[in-house]
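> Quick one, structure for this:
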Amino acid sequence: QVQLVESGGGLVQVGGSLRLSCAASGSAFSINNMGWYRQAPGKQRELVASTTSGGSTNYVNSLKGRFTISRDNAKNTVYLQMNSLKPDDTAVYYCNADGRLNQGNSKIPFDYWGQGTQVTVSS
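Residues are numbered from 1 along each chain as shown. The predicted model follows:
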């Protein structure tokens, strides 16, 4: 099994920055895609950004230029740098990872979520 542990959330003023981290731990696994999603109160969870093992990135258009996703494959960690934060960015931010668990001769696909980290932007 793979565990995802997020950190870096908190309270920040409008225009401020935060950097979220999500570290995957476990044994005998390989990760393909890692991404960040967010869910604001009363709204559905939405994709923020994602990255592949090869380094390709994908962003929701409205956040391009303010948010940057990056990844350290050696550490199985994905980051989200968030700049020029706005009150509308207030949400619980979730990390997601998919890949394969290596069990003997079998490769079992997985798709896991972190527990979420709260980001609150005050005006």
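> alpha carbons only for contacts and neighbour counts from here, please
Noted.
> looking at this structure, which residue ends up farthest from its center?
Centroid-distance maximum for the chain: Asn105 at 29.9 Å, with CA atoms, centre = their mean.
> how far away is that one from Ser30?
14 Å (CA to CA, to the nearest Å).
> So for the residue farthest from the centre of the chain, what pLDDT did the model give?
For Asn105, the model assigns a pLDDT of 89.
> From Gly9, how far out is it?
Separation of Asn105 from Gly9 (CA to CA): 39 Å.
> just for this structure, where's the confidence low?
Nowhere does the chain drop to pLDDT under 70.
> ok, which stretches of it are strands?
For the chain, the strands defined by DSSP state E cover 2-7, 10-13, 18-26, 29-39, 46-51, 57-59, 67-72, 77-82, 91-103, 106-113, 117-122.
> Skipping adjacent residues, who's closest to the residue nearest the centre of the chain in space?
The chain has Trp36 as the residue nearest its centroid, 2.9 Å off, counting by CA atoms, centre = their mean. Nearest non-adjacent residue to Trp36, counting by CA to CA, 6 or more residues apart in numbering: Cys95, 4.7 Å away.
> And for Arg45?
The nearest residue in space to Arg45 (CA to CA, 6+ apart) is Gln39, at 4.3 Å.
> Can you tell me the number of residues neighbouring that neighbour?
A count of nearby residues for Gln39, using other CA atoms under 10 Å, gives 19.
> and it, what are its bridge partners?
Beta-bridge pairing of Gln39 under DSSP bridges involves Val92.
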